[in-house]
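> 3D, please:
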Amino acid sequence: MQAYEAFPLLQPVPLSTFGEAFDKFASNAFRLECLPIYTVEEEHSFFLEYKSIGKCSPAFNSEWLDFLDVAKASGKTVHRSRVLPRSGDDKTYFRFEVDCGYRRNLDHGEVVRFLEQEALEQAASSVPFIVDFWLFDKKSVFVVHYDVRGVFLGASEMHSSLIPRYVALGELLFNRSTALAIDDVLARNT
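Predicted structure coming up:
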(Lines give C-alpha, C1' and ligand atoms only; values in the text may rest on other atoms or scores of the structure.)
Protein backbone atom coordinates (compact mmCIF):
# COMPACT_ATOMS: atom_id res chain seq x y z
CA MET A 1 0.00 0.00 0.00
CA GLN A 2 1.32 3.41 -0.94
CA ALA A 3 1.17 6.42 1.37
CA TYR A 4 -1.39 8.19 -0.81
CA GLU A 5 -3.65 5.12 -0.51
CA ALA A 6 -3.25 4.88 3.26
CA PHE A 7 -3.67 8.55 4.09
CA PRO A 8 -7.49 8.47 3.65
CA LEU A 9 -7.54 5.67 6.24
CA LEU A 10 -6.59 8.16 8.95
CA GLN A 11 -9.55 9.56 10.83
CA PRO A 12 -8.94 12.94 12.52
CA VAL A 13 -10.10 12.78 16.13
CA PRO A 14 -10.89 15.40 18.74
CA LEU A 15 -8.11 15.96 21.27
CA SER A 16 -10.40 14.54 23.93
CA THR A 17 -10.50 11.20 22.07
CA PHE A 18 -6.73 11.15 21.77
CA GLY A 19 -6.41 12.03 25.47
CA GLU A 20 -8.81 9.25 26.48
CA ALA A 21 -6.46 6.70 24.92
CA PHE A 22 -3.93 7.53 27.64
CA ASP A 23 -6.54 6.97 30.34
CA LYS A 24 -8.00 3.80 28.85
CA PHE A 25 -5.04 1.71 27.76
CA ALA A 26 -4.83 -1.51 29.74
CA SER A 27 -1.22 -2.66 29.57
CA ASN A 28 1.19 -0.94 27.19
CA ALA A 29 1.75 2.22 25.22
CA PHE A 30 4.48 2.86 22.68
CA ARG A 31 5.59 6.22 21.24
CA LEU A 32 7.75 6.84 18.18
CA GLU A 33 9.33 10.30 18.06
CA CYS A 34 10.90 11.21 14.71
CA LEU A 35 11.27 14.98 14.60
CA PRO A 36 14.47 16.83 15.53
CA ILE A 37 12.50 19.39 17.56
CA TYR A 38 9.04 19.73 19.07
CA THR A 39 7.73 23.24 19.59
CA VAL A 40 5.49 22.96 22.62
CA GLU A 41 4.17 26.25 23.98
CA GLU A 42 4.09 24.93 27.56
CA GLU A 43 7.79 23.97 27.29
CA HIS A 44 9.05 27.27 25.91
CA SER A 45 9.95 29.02 29.18
CA PHE A 46 11.58 25.82 30.49
CA PHE A 47 13.62 25.48 27.29
CA LEU A 48 14.78 29.11 27.50
CA GLU A 49 15.78 28.57 31.13
CA TYR A 50 17.68 25.43 30.17
CA LYS A 51 19.49 27.24 27.35
CA SER A 52 20.38 30.06 29.73
CA ILE A 53 21.56 28.17 32.82
CA GLY A 54 21.80 24.53 31.69
CA LYS A 55 19.48 23.30 34.43
CA CYS A 56 15.98 21.89 34.46
CA SER A 57 13.13 23.24 36.50
CA PRO A 58 11.58 20.62 38.81
CA ALA A 59 8.19 21.82 37.56
CA PHE A 60 8.94 20.75 33.98
CA ASN A 61 6.69 17.96 32.70
CA SER A 62 5.20 17.28 36.12
CA GLU A 63 1.85 16.17 34.66
CA TRP A 64 3.58 13.58 32.46
CA LEU A 65 5.60 12.32 35.41
CA ASP A 66 2.40 11.97 37.44
CA PHE A 67 0.86 10.02 34.55
CA LEU A 68 3.89 7.70 34.46
CA ASP A 69 3.65 7.13 38.21
CA VAL A 70 -0.01 6.13 37.94
CA ALA A 71 0.68 3.89 34.93
CA LYS A 72 3.57 2.16 36.71
CA ALA A 73 1.53 1.67 39.89
CA SER A 74 -1.21 0.08 37.75
CA GLY A 75 1.25 -2.34 36.13
CA LYS A 76 1.19 -0.56 32.78
CA THR A 77 4.26 0.05 30.64
CA VAL A 78 5.13 3.09 28.56
CA HIS A 79 7.87 2.70 25.95
CA ARG A 80 9.38 5.35 23.72
CA SER A 81 11.76 5.15 20.78
CA ARG A 82 13.36 8.50 20.03
CA VAL A 83 15.08 8.94 16.68
CA LEU A 84 18.49 10.52 17.22
CA PRO A 85 19.11 13.86 15.52
CA ARG A 86 21.06 13.93 12.29
CA SER A 87 24.67 15.06 12.44
CA GLY A 88 23.93 18.56 11.09
CA ASP A 89 20.97 19.28 13.38
CA ASP A 90 21.19 21.75 16.25
CA LYS A 91 21.28 19.49 19.29
CA THR A 92 20.31 22.06 21.94
CA TYR A 93 16.68 20.95 22.00
CA PHE A 94 17.68 17.28 22.02
CA ARG A 95 19.94 17.87 25.05
CA PHE A 96 17.01 19.65 26.74
CA GLU A 97 14.72 16.66 26.01
CA VAL A 98 17.27 14.23 27.40
CA ASP A 99 18.28 16.22 30.48
CA CYS A 100 14.88 17.56 31.45
CA GLY A 101 12.58 14.92 30.03
CA TYR A 102 13.90 11.45 29.36
CA ARG A 103 16.26 11.30 32.32
CA ARG A 104 13.34 12.01 34.66
CA ASN A 105 10.92 9.82 32.68
CA LEU A 106 13.20 6.84 33.27
CA ASP A 107 13.07 7.50 37.00
CA HIS A 108 9.26 7.33 36.80
CA GLY A 109 9.10 4.05 34.89
CA GLU A 110 9.08 4.99 31.22
CA VAL A 111 11.40 2.91 29.05
CA VAL A 112 13.18 5.32 26.71
CA ARG A 113 15.37 3.99 23.93
CA PHE A 114 17.19 5.71 21.10
CA LEU A 115 17.07 4.88 17.43
CA GLU A 116 19.55 5.69 14.69
CA GLN A 117 18.07 7.42 11.65
CA GLU A 118 19.33 4.59 9.43
CA ALA A 119 17.32 2.00 11.37
CA LEU A 120 14.18 4.09 10.87
CA GLU A 121 14.85 4.39 7.16
CA GLN A 122 15.45 0.63 6.83
CA ALA A 123 12.06 -0.06 8.39
CA ALA A 124 10.27 2.39 6.10
CA SER A 125 9.28 -0.23 3.55
CA SER A 126 7.15 -2.12 6.07
CA VAL A 127 4.48 0.60 6.32
CA PRO A 128 2.89 3.19 4.01
CA PHE A 129 4.48 6.09 5.94
CA ILE A 130 6.56 6.66 9.04
CA VAL A 131 5.50 9.53 11.25
CA ASP A 132 5.21 10.14 14.96
CA PHE A 133 2.61 7.87 16.50
CA TRP A 134 1.29 6.35 19.71
CA LEU A 135 0.34 2.67 19.84
CA PHE A 136 -1.94 1.54 22.69
CA ASP A 137 -2.29 -2.12 23.72
CA LYS A 138 -1.35 -3.18 20.17
CA LYS A 139 -4.99 -2.35 19.29
CA SER A 140 -5.11 1.33 18.41
CA VAL A 141 -2.72 3.70 16.69
CA PHE A 142 -2.88 7.47 16.76
CA VAL A 143 -0.77 9.37 14.25
CA VAL A 144 0.39 12.63 15.79
CA HIS A 145 0.57 15.50 13.30
CA TYR A 146 3.12 18.32 13.47
CA ASP A 147 4.12 21.12 11.15
CA VAL A 148 7.73 21.58 9.97
CA ARG A 149 8.56 23.52 13.16
CA GLY A 150 7.35 20.70 15.37
CA VAL A 151 4.12 22.46 16.34
CA PHE A 152 1.39 19.98 17.27
CA LEU A 153 -1.52 20.09 14.80
CA GLY A 154 -3.69 17.25 16.04
CA ALA A 155 -4.08 13.50 15.91
CA SER A 156 -5.73 10.92 13.69
CA GLU A 157 -6.76 7.40 14.54
CA MET A 158 -5.51 4.78 12.14
CA HIS A 159 -7.94 2.45 10.41
CA SER A 160 -7.94 -1.08 11.86
CA SER A 161 -6.63 -2.54 8.58
CA LEU A 162 -3.30 -0.74 9.10
CA ILE A 163 -2.83 -1.46 12.81
CA PRO A 164 -1.03 -4.83 12.42
CA ARG A 165 1.64 -3.16 10.27
CA TYR A 166 2.22 -0.45 12.86
CA VAL A 167 2.26 -2.96 15.72
CA ALA A 168 5.00 -4.83 13.85
CA LEU A 169 6.80 -1.55 13.11
CA GLY A 170 6.65 -0.48 16.76
CA GLU A 171 8.10 -3.81 17.89
CA LEU A 172 10.80 -3.70 15.22
CA LEU A 173 11.84 -0.15 16.01
CA PHE A 174 11.83 -0.69 19.75
CA ASN A 175 13.98 -3.79 19.32
CA ARG A 176 16.38 -1.87 17.08
CA SER A 177 16.50 1.00 19.55
CA THR A 178 19.32 1.17 22.03
CA ALA A 179 18.86 1.54 25.75
CA LEU A 180 21.93 3.72 26.08
CA ALA A 181 22.77 5.39 29.32
CA ILE A 182 21.55 8.98 29.14
CA ASP A 183 25.08 10.37 29.55
CA ASP A 184 26.28 8.19 26.64
CA VAL A 185 23.48 9.49 24.43
CA LEU A 186 24.40 13.06 25.24
CA ALA A 187 28.10 12.43 24.65
CA ARG A 188 27.37 10.94 21.23
CA ASN A 189 24.91 13.68 20.20
CA THR A 190 26.38 16.99 21.31
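> what residues does Val144 make contact with?
By C-beta atoms under 8 Å, 6 or more residues apart in numbering, the contact list for Val144 reads 131-134, 152, 155. (Glycine included, C-beta is placed from N, CA and C.)
> out of the residues you listed, which are buried?
132-134, 155 (16 or more other C-beta atoms under 10 Å).
> so which of the residues you listed belong to helices?
Among these, no member falls in helices (criterion: DSSP state H).
> hang on, the earlier thing: can you lay out the contacts of Val144 as JSON lines showing distance to Leu172 and pLDDT?
Listed next are those as JSON lines, based on distance: C-beta to C-beta, whole Å; pLDDT from 0 to 100:
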{"residue": "Val131", "distance to Leu172": "16", "pLDDT": "93"}
{"residue": "Asp132", "distance to Leu172": "16", "pLDDT": "96"}
{"residue": "Phe133", "distance to Leu172": "13", "pLDDT": "97"}
{"residue": "Trp134", "distance to Leu172": "16", "pLDDT": "98"}
{"residue": "Phe152", "distance to Leu172": "26", "pLDDT": "95"}
{"residue": "Ala155", "distance to Leu172": "22", "pLDDT": "97"}
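> of those residues, just say which sits nearest to Thr17.
When these are ranked by distance to Thr17 (C-beta to C-beta), Ala155 comes first, at 8.0 Å.
> that closest one is in contact with Val143, isn't it?
Yes: between Ala155 and Val143 there is a contact at 6.6 Å, judged by C-beta atoms under 8 Å.
> who's in contact with the longest helix seen in the chain?
In the chain, with assignment by DSSP H, the single longest helix is helix 163-176. Applying C-beta under 8 Å, 6+ apart, the set of residues contacting helix 163-176 from outside is 30, 32, 79, 81, 113, 115-116, 119-120, 123, 126-128, 130, 133, 135, 138-141, 158.
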